[in-house]
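Engineer: Here is a sequence with its predicted model. Questions after.
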Amino acid sequence: MSRALTRTGALLMLVCLAFTSLTVTTRREAAALEPFTGYLMAHFTGESANGEQIYLAHSRDGLNWSDLNSGGPVLLSTVGTRGVRDPALVRSPAGDRYWIVATDLRIASGTSWNDAANRGSTSLVVWESTDLVNWSAPRLVNVAAGIPGAGNAWAPEAIYNPATGDYVVYWATNSARNGVTKHRIWYARTSDFRSFTAPQLYIERPGSQGIIDTQLVEVPNSVGGYRYYRASADGHITIEASNSVLGSWTTLGNLSHLGISNGTGGGNVVEGPMWAQFNGRNEWALWLDQYATGRGYLPVTSTNLGATGNFQHRSGYSMGGNRKRHGSILNLTAAEESRVLGRWGASTPVNRLQSYNYQDRYVRHANLDVRIDPNVSPAQDAQFRLVPGLANSSGYLSFESVNYPGYYLRHYGYDFVLAANDGSATFAADATFRRVAGLADSGWSSFQSYNFPDRYLRHYGYLLRLDPITDAQGRSDATFRVTS
């Protein structure tokens, strides 16, 4: 073959590769830019026993919210302090990956605010998903470890930065710097929410004034004159603007004209600013948590973020049954909205599994082991939601724990445990069952394994196992009543 032909072939190959790459990139970007149809809010509810966990709410219009998952938590932290606050929802530019990043803090455990701020966790809690409904187990990332004297890592947020092709994760840390101990905003960069660069100072206010609860929003077409806007709690709710995430920022003002502050200006004292653009129009809501009065979130809105005087109070909103504390809002495509509502929108009944041959005993988890016991306490240890099967949603089901959402009954070495869904195909198969007529009584139910169809869920010595059933004793042990 001649050199000319070789060069021509190589050129054609490069053109094909470039076209393929462009097509894939365009397709991914197009998928991420589908019209938005709804809104998803991640939040916590307060310092109750389960309040410092991940809750979700949904809205069609961006003003009126409904609690998802029957008002219960969607994800529980089992790492660090075993509590989370201030969750941030993050979507990749391609719309094919999502993260929740949250503060590792549980005041309900008896931790004082002084200890939490000065001797608290310097880690953030991260969950990861490819579809917004199936989430990884939580993991800790110690983002503030490199800050001398760091006392905490609070109120994290993250935004994709096209200038660097990765994500800027930013949060507040209380530490001494130049002889002054206060909260400042720090940032680190990451491409995978696993490995992070060393922390860098992002925002510092003059003198002794601290700053916390910063949240950025990117504005299409630079409405108001800037591409990015950020709101922070620093005594006021201060609004700043910039044309780059890590560039210089211009202070636009605050919300004192609305009688709103973060304490310094008095009036309605709020925190936790939370941005959301209304779908299909150039109008933005800035939600503010009225923590000082316990009245929950209120929205102020603007059609031009370039001047703080454009913000006005907004009426005609409702927040649902749960109290919403500091969180974030994600605009949803139709496909995302369908998945979220399909998973958590319906009110899934809470059930128990009653043993056929020991009718005073119910299936329950205890220290993540699974057995049958009488008089289960707390009662939620014996309560499950029968949800569509993780491995096959057609004719199969999985058992999701009520008090450990995201944890499922699964077999492991033919023994049963309660475990967090790790997103793997093996986990999904191990946690999926077909409900069939009871082997000992057709009026009851038995549960056939998805990946070992010759085996059934049964108790043996009061412990749950996955066994082949060959005799009358086994049939009785493998029969249960699904009851409320």
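Structural biologist: Received it, and whenever you're ready, just let me know what you need.

Engineer: Am I right that residue 50 sits in a strand?
Structural biologist: No: counting by DSSP: H, G, I helix; E, B strand; the rest coil, residue 50 is not part of a strand but coil.

Engineer: Neighbours of it, how many?
Structural biologist: 17 (other Cβ atoms under 10 Å). Quick note: C-beta positions are derived from backbone N, CA and C, even for glycine.

Engineer: Then residue 242?
Structural biologist: 16.

Engineer: I'd like to know how far it sits from residue 218.
Structural biologist: 11 Å (Cβ to Cβ, to the nearest Å).

Engineer: Also residue 388?
Structural biologist: Taking Cβ to Cβ, one finds residue 388 at 35 Å from residue 218.

Engineer: Overlap of the contact sets of residue 242 and residue 218?
Structural biologist: By Cβ atoms under 8 Å, 6 or more residues apart in numbering, residue 242 and residue 218 have these common neighbours: 227-228.

Engineer: Hmm, residue 318 is touching residue 61, no?
Structural biologist: No: taking contacts as Cβ atoms under 8 Å, residue 318 lies outside contact range of residue 61: 10.4 Å.

Engineer: What sits closest to residue 43 if chain neighbours are left out?
Structural biologist: residue 327 (3.1 Å; Cβ to Cβ, 6 or more residues apart in numbering).

Engineer: Which strand or helix spans the one you found?
Structural biologist: strand 325-333 (DSSP states H and E).

Engineer: next one: the helix or strand just after that strand to chain centre, how far?
Structural biologist: Note on strand 325-333: by DSSP H and E, the next helix or strand toward the C-terminus is helix 334-344. From the chain centre to the centre of helix 334-344 is a distance of 14 Å (Cα atoms, centre = their mean, to the nearest Å).

Engineer: Same question for stretch 155-166.
Structural biologist: On Cα atoms, centre = their mean, the centre of stretch 155-166 falls 17 Å from that of its chain.

Engineer: mind starting the numbering at 211 from now?
Structural biologist: With 211 as the first residue, the last one maps to stretch 365-376.

Engineer: And for that stretch, what's in contact with it?
Structural biologist: Under Cβ under 8 Å, 6+ apart, the answer for stretch 365-376 is 295-296, 298, 300, 302-303, 309, 311-313, 334, 353, 377-382, 399-401, 403, 422-426, 428, 454-456, 482, 536, 538.

Engineer: Start and end of that stretch, how far apart?
Structural biologist: 20 Å (Cα to Cα, to the nearest Å).

Engineer: what comes up buried for it?
Structural biologist: 365-369, 371 (16 or more other Cβ atoms under 10 Å).

Engineer: pLDDT (mean, whole number) over it?
Structural biologist: Mean pLDDT, computed over stretch 365-376, is 97.

Engineer: what's downstream of the helix or strand bottoming out on mean pLDDT in the chain, the next helix or strand?
Structural biologist: One helix or strand of the chain scores below all others by mean pLDDT, DSSP states H and E: helix 213-242, with a mean of 38. The C-terminal neighbour of helix 213-242 among helices and strands, as given by DSSP H and E, is strand 246-254.
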